[in-house]
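J.: 3D, please:
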Amino acid sequence: MADAVQGQGEPRLQRRIGLGLLVMYGLGSMLGAGIYGLVGEAARLMGSAIWLAFLVSMVAALLTGLSYATIASRYPRAGGACYVTHRAYRSPLLGYLVGLAVACSGLTSIATQANVVARNLQAAFGLDGVPVLLLATGFLLIVAGIILRGIKESLWLNALCTVVEAFGLILVVAVGIPYWGSASLLEWPDAAQGTEAAGTALLVFQGAVLTFFSFIGFEDTMNLAEEVKSPERTMPAGLILAMVAATIIYLAICVTAVSVVPWRELAAAPAPLAEVVRRAAPWFPTVGFIGITIFAVANTALVNYVMASRLLYGMARQGLLPAALGRVHPTRHTPHVAIGALLVVTLALAAIGNIASLAAATVLLLLFVFTIVNGALIVLQRRQGEKRGTFEVPSIIPALGMVVCLTLIVVRVATGNIQAPLIAGGLILAILALYLATSRNRGKEMEELMRSDVLS
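T.: As a prediction, the model looks like this:
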């Protein structure tokens, strides 16, 4: 029923996305702002052993990614994480909390990326006299316009941006390969030299919490389920292929970066990967790599915006948000009300300017969400009468995913500054307050939805 219309001629999302575009979307959601900006921070914490941090964070992400692939195969619908949370725990409150926690992470990410794009535009084109907020606003309006235009247009632009940002990363690896083997890959910061095995393990986990941000985005893919062809098979394949490709690229970047630039200098560089290219390929124009960085960051914003709009749409269809957010444009077949609402909120966040601490808190929020969703899959796998998908993982996979995510949360809260946990806790409290203010009849609507296994 790909392009069927619901009820009295009501427009709905259309199935236009194949495996290729889905893989590019998933890859584009992970590549980008994270890897382009985190290599230096990881080097400051881990020395030349940054590949270990990325490897551990990859394992953590892949465990949850496999759970998401199973969920997408079983219940291919927008707002899937929210849906399975309520289905498993039978709690509209918990489903609401999961859905909006993911949405909050997307909004803060978009606002951050808008400001990053604005600053890069200033640097590349000498626009120092133009306010950052004005450039960020223009960027957000363009992105919102593209997403409003249509999902196919959005994903073709995503594919283009993904090719550009992937080219930038491949360029880094290509020009740096001759340097491989020239530096130790297990040189630790001076403060960590000679530490016991337990201390080293703690350091690796701290690095994993930091680099986990580079893998955030795979969960965005599930919110396109109602626009994917044969989602029960296409969704798991697209998600896993994107994660494997991102992991290979990340590990190659880590080895290249510390091989070309000594890790202490890499940690001090304002643009780490640009510094790698400057040293390994001085013939490549600096402004060219700034342009690539803009494409990479813009792509992350585009993907997050698509995710957030489909998430609000899905939650509205499930009765968790006002019904207006579930409306679809009659000709463009996009959730135009949700797109407009997100634009207003994101513009407000971008006006704040310095939201680095808020962005860091989103990692904690998503680890919290992943813990709940992994647990939900275990409950559903053990429940009699639940349908199985064409892709299934054993219960040990989501169980390990829960343990790893909880470990990363504890490490971050216990060893990092208190500001990010306070922000994350404040966001959760705000979501709970919003739930209490808008909860009338929501549980009944969700229970009606639970009785149907087909897309509404």
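J.: now G168: how far from A174?
T.: For G168, the distance to A174 equals 11 Å [Cβ to Cβ, to the nearest Å]. C-betas here are computed from N, CA, C, even on glycine.
J.: ugh, wrong one, I meant I290
T.: Distance from I290 to A174, by Cβ to Cβ: 19 Å.
J.: following element in sequence after the helix or strand hosting L62, please.
T.: Counting by DSSP states H and E, the element that carries L62 is helix 50-74. As assigned by DSSP H and E, the chain's next helix or strand after helix 50-74 is helix 80-89.
J.: packing partners of that following helix?
T.: With contacts defined as 3 or more Cβ pairs under 8 Å, 6 or more residues apart in numbering; DSSP states H and E, the packing partners of helix 80-89 are helix 50-74, helix 92-125, helix 286-317, helix 356-382, helix 442-450.
J.: mind redoing it with 6 Å?
T.: For helix 80-89, the packing partners by 3 or more Cβ pairs under 6 Å, 6 or more residues apart in numbering; DSSP states H and E come out as helix 92-125, helix 356-382.
J.: what's the angle between the longest one and helix 286-317?
T.: What separates the directions of helix 92-125 and helix 286-317 is an angle of 160 degrees, with axes from the mean of the first three to the mean of the last three Cα atoms, to 10 degrees.
J.: do the same with the shortest one
T.: Taking the same axes, to 10 degrees, one finds helix 356-382 and helix 286-317 inclined to each other by 50 degrees.
J.: so for whichever helix or strand comes after helix 356-382, mean pLDDT?
T.: Using DSSP H and E, the helix or strand that follows helix 356-382 in sequence is helix 396-415. Averaging pLDDT along helix 396-415 yields 89.
J.: following helix 396-415, which helix or strand comes up?
T.: Counting by DSSP H and E, what follows helix 396-415 is helix 419-437.
J.: output that following helix as CSV, nothing but the C-alphas.
T.: The C-alpha trace of helix 419-437 is given here as CSV (Å, rounded to 0.1, in the frame of the first residue of the first chain):
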residue,chain,number,x,y,z
GLN,A,419,27.0,20.7,33.3
ALA,A,420,26.0,18.2,30.6
PRO,A,421,24.2,15.9,33.0
LEU,A,422,22.4,18.8,34.4
ILE,A,423,21.2,19.9,31.0
ALA,A,424,20.2,16.4,30.0
GLY,A,425,18.2,16.1,33.3
GLY,A,426,16.6,19.5,32.7
LEU,A,427,15.5,18.5,29.2
ILE,A,428,14.0,15.3,30.6
LEU,A,429,12.1,17.3,33.2
ALA,A,430,10.8,19.7,30.5
ILE,A,431,9.6,16.7,28.4
LEU,A,432,7.8,15.3,31.4
ALA,A,433,6.2,18.6,32.1
LEU,A,434,5.0,18.9,28.5
TYR,A,435,3.6,15.4,28.7
LEU,A,436,1.6,16.2,31.8
ALA,A,437,0.2,19.4,30.2
